[in-house]
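In: The following block contains a protein sequence and its predicted model.
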Amino acid sequence: MKVISRKPIVRAEVEASLLAYESGGLSSLVKELDERLLQLKVRFPLLEYASELLFEAIEDEVQIPFCDRISALAREGGNVVLGKMLQLRLELHYQESLEKAAYYIASGRAWYVSDLIGERVFGVALLNFPERSLKAIHKLATHPSHWVLRALGAGSHYAVKKGLEKDWAEKLFQFLLTLAAHQDREVRRGIGWAAKTSARFHPEIIELYKEKIEDQAKVDNWFRRKVNMGLERNAYYAQRDRG
């Protein structure tokens, strides 16, 4: 498989795809992009760069139909491209971006679709619009697809890792606790990931909620294990930094 590892090459392939868009419309753009980038081995940051170029070049009203067609291709890298596109649309099209993210995740039915889109859309939404996004993820937690619930965990993990402010991180941990007794495997993985990251970066929050975490009627063992793993990672890095 051909490998692309440089920005200038990505830019050239996107520009060639956009020429096809000018002459043949959206179908031609998606076909060219699929052949020039999505079927090749391209690092995710470079695919995000491609999405930034496309976001600047494609008309606003065409961006969602573009994402629809990229999703239909079912390429792993396509989830990076459309996830970044939705992320860039958050400021002007917040609600639509979250709804389309949930739709693509539920339709994708794969762990990597959940994680790739969840980090890029739900995670960045939490970082940039924490109050609004906390309300949104509580609502999305009732979604019938377990892939969407897993993605909420991926997004929560990303937001905490990238520096979500402590007060919001605490409110986010309160949300994670509402799913701490879930028995679905995919939900456990996503929410557990976020619980582990929360404990690693905010052990003081874990201390505040110690009694709730130990409540075996409302919190399952898998959640406690992930919290403990996060606390262990926190202690490891603290010792390493001291030494």
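Out: Ah, there it is.
In: isn't residue 194 right up against residue 150?
Out: No: counting by C-beta atoms under 8 Å, residue 194 does not reach residue 150; the two are 10.1 Å apart. C-beta coordinates here come from the backbone N, C-alpha and C atoms, glycine included.
In: now the longest helix seen in the chain, how far from the chain's geometric center?
Out: Selection of the longest helix in the chain by residue count, based on DSSP state H, yields helix 221-242. The chain centroid and the centroid of helix 221-242 are separated by 23 Å under C-alpha atoms, centre = their mean, to the nearest Å.
In: Please state the offset of the least confident helix or strand in the chain by mean pLDDT from the chain centre?
Out: Using mean pLDDT, DSSP states H and E, strand 3-4 stands out as the lowest-scoring helix or strand of the chain, at a mean of 90. Counting by C-alpha atoms, centre = their mean, strand 3-4 is centred 24 Å from the centre of its parent chain.
In: Would you mind giving me the confidence score for residue 239?
Out: Note for residue 239: predicted pLDDT of 89.
In: Neighbours of it, how many?
Out: Using other C-beta atoms under 10 Å, residue 239 is surrounded by 9 other residues.
In: how much space between it and residue 112?
Out: 34 Å (C-beta to C-beta, to the nearest Å).
In: can you pull the contacts of residue 159?
Out: Taking C-beta atoms under 8 Å, 6 or more residues apart in numbering as the criterion, residue 159 is in contact with 122, 123, 124, 126, 127, 130, 169, 172.
In: Let's see if you can find the most crowded of these.
Out: residue 122 (33 neighbours).
In: buried stuff in stretch 160-180?
Out: Neighbour-count burial for stretch 160-180, with 16 or more other C-beta atoms under 10 Å as criterion, is recorded at 160-161, 164, 168-170, 172-173, 175-177, 179-180.
In: In CSV: those residues, plus pLDDT and secondary structure.
Out: Shown next, in CSV, are these (pLDDT from 0 to 100; DSSP: H, G, I helix; E, B strand; the rest coil):
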residue, pLDDT, secondary structure
160, 98, helix
161, 98, helix
164, 98, coil
168, 98, helix
169, 98, helix
170, 98, helix
172, 98, helix
173, 98, helix
175, 98, helix
176, 98, helix
177, 98, helix
179, 98, coil
180, 98, coil
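In: So which of those is the closest to residue 43?
Out: Nearest to residue 43, judged by C-beta to C-beta, of the buried residues of stretch 160-180 is residue 161 at 19.2 Å.
In: I'd guessed the closest one sits against residue 201; true?
Out: Yes: with contact defined as C-beta under 8 Å, residue 161 and residue 201 form a contacting pair (6.9 Å).
In: hang on, the earlier thing: quick check, nearest of the buried residues of stretch 160-180 to residue 107?
Out: residue 179 (22.0 Å).
In: Please tell me I have it right and the closest one contacts residue 192.
Out: No: checked against C-beta under 8 Å, the pair residue 179 and residue 192 is beyond contact range at 9.6 Å.
In: Tell me how far residue 240 lies from residue 198.
Out: 20 Å.
In: neighbour-wise, which of those two wins?
Out: For residue 240 versus residue 198, neighbours defined as other C-beta under 10 Å are more numerous around residue 198 (27 against 8).
In: Which helix or strand lies directly C-terminal to the helix or strand hosting that one?
Out: Taking DSSP states H and E as the definition, residue 198 sits inside helix 185-201. Once helix 185-201 ends, the next helix or strand along the chain (criterion: DSSP H and E) is helix 203-208.
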